[in-house]
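In: I would like the atomic coordinates for the input below:
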Amino acid sequence: MHLSHLTLSEFRNYHHLELALQPGLFLLYGENAQGKTNLLEAVGMLATGGSFHAASDREVVNWGAPEHIARLEGTVQRHDGEVQLEIALFDPTPPTFVTPVSSPTGIELPASTPRKRIKVNSVPRRTLELIGQMKVVLFIPSDLHLVDGTPDERRRFLDRALCQVQPRYCQALVKYRKIVMQRAALLKRVRDNLEDPNMLDYLDEQLTMLAHHLMHERQTMIATLNRSAASLQASITNGREQLQVVYKPSFTIDAAWSALEAPQQYLNQLRAIRRREIAQGVCLLGPHRDDLEFLVNGINMLTYGSRGQQRTAALATKLAELDFMRTTTSEEPVLLLDDVFSELDQQRRAYLLQQIIKHEQVFLTTTELTGIPDTLLRHAYRYEVIEGELVRR
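Out: Next up, the predicted model:
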C-alpha cells in the first residue's frame, strides 16, 4: 500500500500542493516551523479522519484561506485497487453555527453546514468509513515515551492501530465512549438523589457488552505484538534483552470464560463497586481505564528501567505495531516518522534506519540530513521544506 498522489489546499501553511508519489523513502528536511510535520499530519488525517497534531479540526485550516475551507485529497494504491480519499474542512472561525455565517468572500454557510465532509471514491462517507482505507503507522517523539508516559497515551496507541484494521472495533469504541459519558452523568445524578440507582442497569449491560469486544481485540493485538516485540528488542540490544508487553485491564478477566459468560462476569464486578462509583461520580471499571506494562527480562520498565531501556522498548513496540498491521491486513502500512531521530542515540538511530528501508513507503522528517547514511540518501526522494513549499533536491 502506498500513497501515489497528494493534493493540499489551504491546509496549515500549504496554500496549494500537488505531489506525485511512489513507493520508497521520502526525506522531508528543513528548519523548524516550515511545514514538515504539517505534511505528515495531512497524510495521517486522510487515513484516520483526525489530526495527531491539533486539538480540533479547525486548527488545520489556514487562517488566510479565502473561503475558510481546507481540502485534502489522496490517491492510494492498494493490492485490491486504487482508492480516492477526500476531506474538506469548513470555516475555522466561529465556534458554532448558531445562525447562518457569511464569509469575507460573500459565501453564506447555513447553520446546518457540517465542519467536515469526507468522500471515498467521490461518494460521501462518515469518518468511520474513511478509517482503514489507507493504513498508517505514526511515529512521533512522544511515542518514545510510550513506556513512561500516561496510560491515556498507551490506550491511544492501541486504539489508533485497532481502528485502522478492525472497523467493528472502531464502531464499538465510539459507542463505548458515549456510554461512559452517559453513565458518568447518571452516576452524578444518582449521587445527588435526582435519579433511581436502578436506572444504571441498562447502561451497565451496554458497557459490559462493548467492553468485552474491546478487551478481546486489545488482548489479540498484544499477543500478536509480542511475537515480534521480543525479537526486535533483542536485535536492538544484541541479544541482551527480551521484551514482553503485558495487557492490564481494569476488569478482572479469566481466559476460561466463554464469550457469553465474560460480559456477565464484568457486570457482576460493576455491581460490586456501584456504591463507590456513585459516591465518586465516575466510571471506575472499563477499557477507558486499561493500561500496558512493559517488561524487559521480567523487569518492569516503568519502575526500574533506565531512560535508554524505556526508549528501546518503545521503539521495539512501535516497530512491532508495523508487523501487527501488516500481518492483520496483508497490507504494508505507510510509515510516518516525525523528527524521531533527534530523540535517539546513534545505535538506535542506525537500527531504525535499517528497519524503515524495508517498508514500502516511508515519510521521514528531520531538521538536517546529518547522520543519515549516504547509501540511503542516494535512494531517497529528498525534499527541502521552505515555508509551505517543497523543493526537490
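
In: for stretch 17-35, buried residues please.
Out: Leu17, Leu19, Leu21, Leu25, Phe26, Leu27, Leu28, Tyr29, Gly30, Gln34, Gly35 (16 or more other C-beta atoms under 10 Å). All C-beta atoms are positioned from the backbone trio N, CA, C, and that covers glycine.

In: going along the chain, name the helices of the stretch 1-150 of the chain.
Out: For the stretch 1-150 of the chain, applying DSSP state H, counting those that start in this stretch gives helices covering 36-48, 127-130.

In: tell me the most buried of those?
Out: helix 36-48 (a mean of 24; mean count of other C-beta atoms under 10 Å).

In: could I have that one exported to PDB, CA atoms only?
Out: Included here for helix 36-48 are C-alpha records, laid out as PDB according to Å, rounded to 0.1, in the frame of the first residue of the first chain:
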ATOM      1  CA  LYS A  36       7.400  19.200   7.600                       C
ATOM      2  CA  THR A  37       5.100  18.000  10.300                       C
ATOM      3  CA  ASN A  38       2.100  19.600   8.600                       C
ATOM      4  CA  LEU A  39       2.600  17.300   5.600                       C
ATOM      5  CA  LEU A  40       2.700  14.200   7.700                       C
ATOM      6  CA  GLU A  41      -0.300  15.500   9.600                       C
ATOM      7  CA  ALA A  42      -2.200  15.700   6.300                       C
ATOM      8  CA  VAL A  43      -1.300  12.100   5.300                       C
ATOM      9  CA  GLY A  44      -2.400  10.900   8.700                       C
ATOM     10  CA  MET A  45      -5.600  12.800   8.500                       C
ATOM     11  CA  LEU A  46      -6.500  11.100   5.200                       C
ATOM     12  CA  ALA A  47      -6.000   7.800   6.900                       C
ATOM     13  CA  THR A  48      -7.800   8.400  10.200                       C
END
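
In: all helices of the stretch 151-300 of the chain, in order?
Out: 151-165, 167-191, 200-236, 261-272, 274-280.

In: how about the second one: buried residues?
Out: Burial within helix 167-191, assessed by neighbour count using 16+ other C-beta under 10 Å, is assigned to Tyr169, Cys170, Ala172, Leu173, Lys175, Tyr176, Ile179, Val180, Arg183, Leu186, Leu187, Val190.

In: the third one contacts Ala211, doesn't it?
Out: No. Using C-beta atoms under 8 Å, Ala172 and Ala211 do not qualify as a contacting pair, with a distance of 9.1 Å.

In: show me what contacts Leu130?
Out: Leu46, Thr48, Gly49, Leu85, Ile87, Ile118, Val120 (C-beta atoms under 8 Å, 6 or more residues apart in numbering).

In: now the third one: how far from Arg154?
Out: In other words, Gly49. Distance from Gly49 to Arg154, counting by C-beta to C-beta, to the nearest Å: 22 Å.

In: that older thread, so which of the helices of the stretch 151-300 of the chain is nearest Tyr383?
Out: Closest to Tyr383 of the helices of the stretch 151-300 of the chain is helix 151-165 (C-beta to C-beta; 25.9 Å).

In: list the helices and strands that closest one packs on?
Out: Judged by 3 or more C-beta pairs under 8 Å, 6 or more residues apart in numbering; DSSP states H and E, helix 151-165 is in contact with helix 36-48, strand 136-139, helix 167-191, helix 200-236, strand 291-296, helix 307-329.

In: reformat those as TSV; add distance to Asp80.
Out: Rendered in TSV, the data for the helices and strands packed on helix 151-165 read as follows (distance: least, C-beta to C-beta, whole Å):
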stretch	distance to Asp80
helix 36-48	17
strand 136-139	18
helix 167-191	15
helix 200-236	22
strand 291-296	33
helix 307-329	11
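
In: count of neighbours near the residue nearest to Arg271 when sequence neighbours are not counted?
Out: Distances taken as C-beta to C-beta, 6 or more residues apart in numbering place Asp204 nearest to Arg271, at 7.2 Å, with adjacent residues excluded. Using other C-beta atoms under 10 Å, the number of residues around Asp204 comes to 18.

In: state the distance from Asp204 to Gly286.
Out: Distance from Asp204 to Gly286, by C-beta to C-beta: 10 Å.

In: for Val334, same thing?
Out: For Val334, the distance to Gly286 - C-beta to C-beta - is 32 Å.

In: out of those two, which sits in the busier spot?
Out: Neighbours per residue (other C-beta under 10 Å) separate Val334 from Gly286, with Val334 holding more: 26 against 22.

In: and that one, what are its bridge partners?
Out: Val136 (DSSP bridges).

In: ok, the closest residue to Arg218 other than its chain neighbours - how many residues close by?
Out: Counting by C-beta to C-beta, 6+ apart, Leu158 is the residue found nearest to Arg218 once chain neighbours are left out, at 5.4 Å. Residue crowding around Leu158 was assessed by other C-beta under 10 Å; the count is 22.

In: just Arg378 next, same as before
Out: For Arg378, using other C-beta under 10 Å, the count is 8.
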